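Novice: quick one, what's the 3D model for this:
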Amino acid sequence: MTSEQKNIWGDFRKSDNPELTDKEYDMIAKLHADVFNHELWKPCTCDDDTFQKMISDLNNKFLE
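Specialist: Prediction:
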């Protein structure tokens with residue numbers, strides 16, 4: 001994870017809003033694709049489990 005990506009993710013982690021905005025959904029999908037080097041894939045916003053997994057993956061990378 002680059003320093004720019006860490007800054008973006010760090011700002012997201014500071015948010016105390018439990019609901020994700022459309023902008024945050026897009027950011028999570030793009031950042032996950034960039035960090036884990038895969039094609040951009042945006043799961044349905046109704047798929048909370050998938051987004052939670054993506055968030056957990058990014059949190060783990062952030063903390064490395």
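Novice: helix/strand/coil for Phe51?
Specialist: Secondary structure, DSSP: H, G, I helix; E, B strand; the rest coil: Phe51 is helix.
Novice: my guess is it contacts Glu24. True?
Specialist: No. Judged on CB atoms under 8 Å, Phe51 makes no contact with Glu24 at a distance of 9.3 Å. All C-beta spots, glycine's among them, are computed from the backbone N, C-alpha and C.
Novice: which of those two has more neighbours?
Specialist: Per other CB atoms under 10 Å, whichever of Phe51 and Glu24 has more neighbours is Phe51, with 20 against 15.
Novice: who's in contact with the more buried one?
Specialist: Leu20, Tyr25, Ile28, Pro43, Thr45 (CB atoms under 8 Å, 6 or more residues apart in numbering).
Novice: got a markdown table for the residues you listed, with neighbour count too?
Specialist: Putting the contacts of Phe51 into a markdown table (neighbours: other CB atoms under 10 Å) gives the following:
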| residue | neighbour count |
| --- | --- |
| Leu20 | 17 |
| Tyr25 | 16 |
| Ile28 | 20 |
| Pro43 | 15 |
| Thr45 | 11 |
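Novice: and which of those residues is nearest Asn59?
Specialist: Ile28 (11.0 Å; CB to CB).
Novice: what's the closest non-adjacent residue to the closest one?
Specialist: Met54 (5.4 Å; CB to CB, 6 or more residues apart in numbering).
Novice: didn't the one you found look like it was pressed against His32?
Specialist: Yes. With contacts counted by CB under 8 Å, Met54 reaches His32, the gap being 4.7 Å.
Novice: check contacts around the residue nearest in space to the middle of the chain.
Specialist: The residue lying closest to the centre of the chain (CA atoms, centre = their mean) is Ile28, at 2.8 Å. For Ile28, the contacting residues are Phe12, Leu20, Phe51, Met54, Ile55, Leu58, by CB under 8 Å, 6+ apart.
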